[in-house]
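Participant: Sharing a model prediction with you, sequence too.
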Amino acid sequence: GVVANVALIANMFFIMGILTSLGAVLTLPGIAGIVLTIGLAVDANILIFERVREELALGKSTSQSIKEGFKHAMSSIIDSNVTLAILAVILMVFGTGPVQGFATTLLIGIGASLFSAILITRLIFDWMLERKMEIPFDNNATRNAFKNVSIDFVAKRKVYYAISTLVIVVGIVFYFKNGGFNLGVDFKGGRTYQVRFEKDMNTEDVKKSLATPFESAPEVKTLGSANQVKITTTYRVSDNAATADQEVEEALNTGLKTLGTKYEIMQQQKVGPTIATDIVYGAYGSILFSCLLMFIYIVIRFKKWQYGLGSVVALFHDVLIVLSFYTIFDGILPFSLEIGQDFIAAILTVMGYTMTETVVVFDRIRERLAESGKSDVQGEERNKLINFALNSTLSRTILTSLTVFFVLLVIFIWGGESIRGFIFALLIGRVIGTYSSLCISTPIVVDFDTDKKK
C-alpha cells in the first residue's frame, strides 16, 4: 500500500508538472482524464502485486517473486495502456473542446502512470530487498481471498445478456416517456444572471433556493468575489413568448428572496448552446474511429477478430447502460442528471475503464490457453479454461474496481452538488465496466469463436 501510494503521488506530481509547463487549463473533462489516470496507476500496481502473490504461492523467494510478478504483469499493463493511448491520440487529433481537454490529460497521464507504476515501484522494491526488509503481500485476512471462487461465467452468459437488454430497453422506454435526454445549457442554451449579494454566499445554498421555481437546479458559479454569482438556467429557454423573460426573472426573484439577503441583479442575457453541432459530430466520429483502431490493435495482439468484437461490444454496451441509468433516474434522484460537457467527459472515462478491464481479462484468457498448449481448443474444455482464467482475475478485478469506486464515492458524497451527476456517471461506469469485462465481452468471444470444422 505504501509503495503504491508513493508511485501515485509521483504520478500526480508528473502530470501536474507537465500540464503546468504546457500552460494547460484544467477543466472538468481534464480532471476526468486525471481520474482515469489514477485508475490506470492503481490497476497497474494491483496487477503487479497480484502476480507477485501468485509467484509467492508457488513457493518462490520474495525477490524472485517480485521479478516474475513484474515480468508477467507487463503484457496486460502494456496492452491496456496502448489501447487507451490510441483512444487519447485520436480524440486529441480529431476532437475539440472538452473532448480534446480530456484526451490531453489522459495521454500525459498514461505516460506518467507507466513510468511511476513500473519503474518507481520496482526501484522501491529493489531498495527494500537490498536492506533485507520484510515485504508482505498479504495478511491472514486476505491470504485466501478469492482462492476458491469458481463462477461459471460462460454458462450464465444468456442471463447476463438478458439483464443488460432489460436495462437498455427500460432506458429506451424512459427516454421516450421523458421526451428525450435532459440536455444542459451546453447543448440547448439558457439564460444567465449576474447577481451581487450584500454578503458572501454559498453557491450550493443559492442553487437549492432556485431548484423549485426553476423546476430544476441551475448552474451557479462564483464570479470574482464570494458575494457575486453567475446563475445559468435552461428554464423555459425554448419559450419565445413576449413575457417569458419577465416571468423567468420573477421565478429567479422568488427563489433568491428565500435566502433572506439583499441582492441586486447586475446583468442578464440569453445564451446559445456552447457545444455546437459540429463539435458533437466530431466527438462521435473520433470515438468511432478510435474504436476501429482499438479493434484492429486487439485483433493483432490476440490473433482473433472475436476478441476485437468483444471489446467493442463491451464499449457500446457500457455507454448504453450509463445513458439508460441517466434516463431512468432523471427526476428521481435528488441531484441533476443533465447531459453537458461533463457528461461527455464521463462517457469517455467509462470507455477507458471498460477497455482497461476487458484487455486485462483477455490477456489472462490468452495466457491460460497458451499454458494449456491448446490455443485452438473448443467446446467444454475451452469453456473450462476461460472460466478458470476469469476466476483467476477476479481478485485483481474486484480490488481495482473497489479502490477506484471508493475514491469516486468520497467525491460523490463530499465533492459538492455541481459535480454529483458527473461522478454518478463514473460510479455507474466503474461497476458496469467490471461487469461487462467478465459477463459481456468474454461471452461474446465464446459465442462467435465456434468450431467451424465440424
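Facilitator: Received the coordinates, thanks.
Participant: can we go C-alpha only for contacts and neighbour counts from here?
Facilitator: Noted.
Participant: For the protein, which residues score under the pLDDT cut-off?
Facilitator: 95-97, 143-147, 185-186, 271-280, 282-283, 373-379, 416-418, 450-454 (pLDDT under 70).
Participant: which stretches of it form strands?
Facilitator: 190-197, 219-223, 225-233, 263-271 (DSSP state E).
Participant: Can you show me the helices along the stretch 51-200 of the chain?
Facilitator: 62-94, 98-114, 121-130, 157-177, 185-188 (DSSP state H, counting those that start in this stretch).
Participant: could you dump the ones you listed to CSV with distance to Phe406 and mean neighbour count?
Facilitator: Output for those, formatted as CSV (distance: least, Cα to Cα, whole Å; neighbours: other Cα atoms under 10 Å):
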stretch, distance to Phe406, mean neighbour count
helix 62-94, 22, 20
helix 98-114, 20, 24
helix 121-130, 23, 15
helix 157-177, 24, 16
helix 185-188, 29, 21
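Participant: Quick one, which of the ones you listed gets closest to Thr258.
Facilitator: helix 185-188 (24.6 Å; Cα to Cα).
Participant: circling back to that earlier point, need the helices of the stretch 51-200 of the chain in TSV (columns: distance to Gly285).
Facilitator: Output for the helices of the stretch 51-200 of the chain, formatted as TSV (distance: least, Cα to Cα, whole Å):
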stretch	distance to Gly285
helix 62-94	8
helix 98-114	12
helix 121-130	38
helix 157-177	23
helix 185-188	18
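Participant: related to what we said a few turns ago, redo the strands of the chain as a markdown table? Include mean neighbour count.
Facilitator: What follows is the strands of the chain, written out as a markdown table (neighbours: other Cα atoms under 10 Å):
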| stretch | mean neighbour count |
| --- | --- |
| strand 190-197 | 20 |
| strand 219-223 | 19 |
| strand 225-233 | 20 |
| strand 263-271 | 14 |
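Participant: Any idea which of the ones you listed gets closest to Met16?
Facilitator: Once the strands of the chain are compared by Cα to Cα, strand 219-223 is nearest, at 24.3 Å.
Participant: Show me what the closest one is packed up against.
Facilitator: Judged by 3 or more Cα pairs under 8 Å, 6 or more residues apart in numbering; DSSP states H and E, the packing partners of strand 219-223 are helix 203-211, strand 225-233.
Participant: Show me the contact partners of that strand.
Facilitator: 203-204, 206-207, 228-233, 418 (Cα atoms under 8 Å, 6 or more residues apart in numbering).
Participant: at 6 Å what do you get?
Facilitator: 203, 228-232 (Cα atoms under 6 Å, 6 or more residues apart in numbering).
Participant: Next: stretch 37-56.
Facilitator: 65-66, 69-70, 73, 77, 109, 113, 117, 400, 404.
Participant: go again using 7 Å as the cut-off
Facilitator: 4, 8, 62, 65-66, 68-70, 72-73, 77, 106, 109-110, 113, 117, 137, 396, 400, 404 (Cα atoms under 7 Å, 6 or more residues apart in numbering).
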